[in-house]
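S.K.: Below is the sequence, then the predicted model.
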Amino acid sequence: MILHGGDPEQCKRDVITRRVPMLEFAAPGKLPSGCLGMQCGAPAGTDLLASRPSPRVVKTHLPARVLPPSFWLNGCKVIYVARNAKDVAVSFYHFYLMNKLLPHAGTWAEYLEEFMAGRVVYGSWYDHVKGYWERRKEHPILFLFYEDMKEDPQREIGKVVQFLQRELSPAVLDAIAHHTSFESMRDNPTTNYTSVPADLMDHHVSPFMRKGIAGDWKNHFTVAQSERFDEDYAQKMAGTDLRFRTEL
């Protein structure tokens, strides 16, 4: 919306997965048609991006260490959004449950062990956040926190506007905050993934846009799980000045 001057109609012209291709997406073989590009038999992300003029907006979940070298050599701007580990674990667990292209998650207790060990899609959360946090010292990376975005959307949107060297009025910033709120995106078919067939993404198990809050981990972690997680977290995050809030 920032790149389109806050015009919501421009941003609703197609599903988000085609407007912002995912770098690593590839769906081998034929999957059902009529659904969002990220989950169905659509062109690979690299093919979609190859057809786009520069500057392009690229989405990725890849760790910094496996991004293409040209990404860093060309000085590509990176907007990295990080969320506290406990809420990520809960959110990721529900995504595993509803996404039929991923391995079965098992019970919450079983999944939590896998998450802590980094045996999940895209690997260790700890390595992921630390990787981009350290890279920001040498590359143009805007490191944003999910909790800050929930606390004050306009403030964080303003950071993105400045990072992208744009100028937008306060009224446009307010409009962007409204249209990119969790509630608006949850009800927007171009962003909520409801077009994906249920045999690929079962929204009855868990909607893709689930809660969008900070602190939901309290509804899932037992006291023992939380204490063990905190101890493991302290070891894996030792030596970094990266700090997260686990609630607002």
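M.R.: Ah, there it is.
S.K.: what residue ranges in this structure score low on pLDDT?
M.R.: Counting by pLDDT under 70, the chain has low-confidence residues at 27-42, 192, 194-198, 202, 205, 207.
S.K.: show me where this structure has strands.
M.R.: Along the chain, counting by DSSP state E, strands occupy 78-82, 141-145.
S.K.: want to throw these into CSV with distance to residue 168 and mean neighbour count?
M.R.: The way it works is simple: take the backbone N, C-alpha and C, and place the C-beta from them, glycine included. Converted to CSV, the strands of the chain look like this (distance: least, C-beta to C-beta, whole Å; neighbours: other C-beta atoms under 10 Å):
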stretch, distance to residue 168, mean neighbour count
strand 78-82, 16, 17
strand 141-145, 16, 18
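S.K.: Out of those strands, flag the one nearest residue 220.
M.R.: Ranking those by proximity to residue 220 (C-beta to C-beta) places strand 78-82 first, at 19.8 Å.
S.K.: now the closest one: how far from the chain's centre is it?
M.R.: A distance of 9 Å separates the centroid of the chain from that of strand 78-82, by C-alpha atoms, centre = their mean, to the nearest Å.
S.K.: Next: stretch 81-95.
M.R.: Offset of stretch 81-95 from its chain centre (C-alpha atoms, centre = their mean): 10 Å.
S.K.: Report the buried residues of it.
M.R.: Under the neighbour-count criterion of 16 or more other C-beta atoms under 10 Å, stretch 81-95 has 82-95 buried.
S.K.: Nearest to residue 26, out of those: which one, please.
M.R.: residue 95 (18.9 Å).
S.K.: Pull the contacting residues for residue 201.
M.R.: For residue 201, the contact set (C-beta atoms under 8 Å, 6 or more residues apart in numbering) comprises 39, 98, 99, 100, 193, 208.
S.K.: can you check residue 116 too?
M.R.: 89, 229, 232.
S.K.: Tabulate the residues you listed (JSON lines), appending distance to residue 62.
M.R.: Compiled in JSON lines, those are given as follows (distance: C-beta to C-beta, whole Å):
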{"residue": "89", "distance to residue 62": "20"}
{"residue": "229", "distance to residue 62": "25"}
{"residue": "232", "distance to residue 62": "24"}
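S.K.: Just the ones of those residues in helices?
M.R.: 89, 229, 232 (DSSP state H).
S.K.: how far away is the first one from residue 19?
M.R.: Think residue 89. Using C-beta to C-beta, to the nearest Å, residue 89 is found at 29 Å from residue 19.
S.K.: Can you give me the neighbour number for the nearest residue to residue 88 once chain neighbours are set aside?
M.R.: Leaving out its chain neighbours, the residue that sits closest to residue 88 by C-beta to C-beta, 6 or more residues apart in numbering is residue 125, at 5.8 Å. The burial count assigned to residue 125 is 21, neighbours taken as other C-beta atoms under 10 Å.
S.K.: Can you verify my assumption that residue 125 contacts residue 114?
M.R.: No. Residue 125 is beyond contact range of residue 114, at 11.4 Å (criterion: C-beta atoms under 8 Å).
S.K.: quick one: contacts for residue 179?
M.R.: Contacts of residue 179 (C-beta under 8 Å, 6+ apart): 1, 8, 11.
S.K.: separation between the last one and residue 20?
M.R.: From residue 11 across to residue 20, the span is 10 Å (C-beta to C-beta).
S.K.: These two - which one has more neighbours?
M.R.: Set residue 11 next to residue 20 and count neighbours by other C-beta under 10 Å: residue 11 wins out with 19 against 16.
S.K.: before we move on, back to that, ok, so of the contacts of residue 179, who is nearest residue 222?
M.R.: residue 1 (40.1 Å).
S.K.: Could you find the closest non-adjacent residue to the closest one?
M.R.: Take residue 1 and drop its neighbours on the chain: the residue closest to it by C-beta to C-beta, 6+ apart is residue 176, 4.6 Å away.
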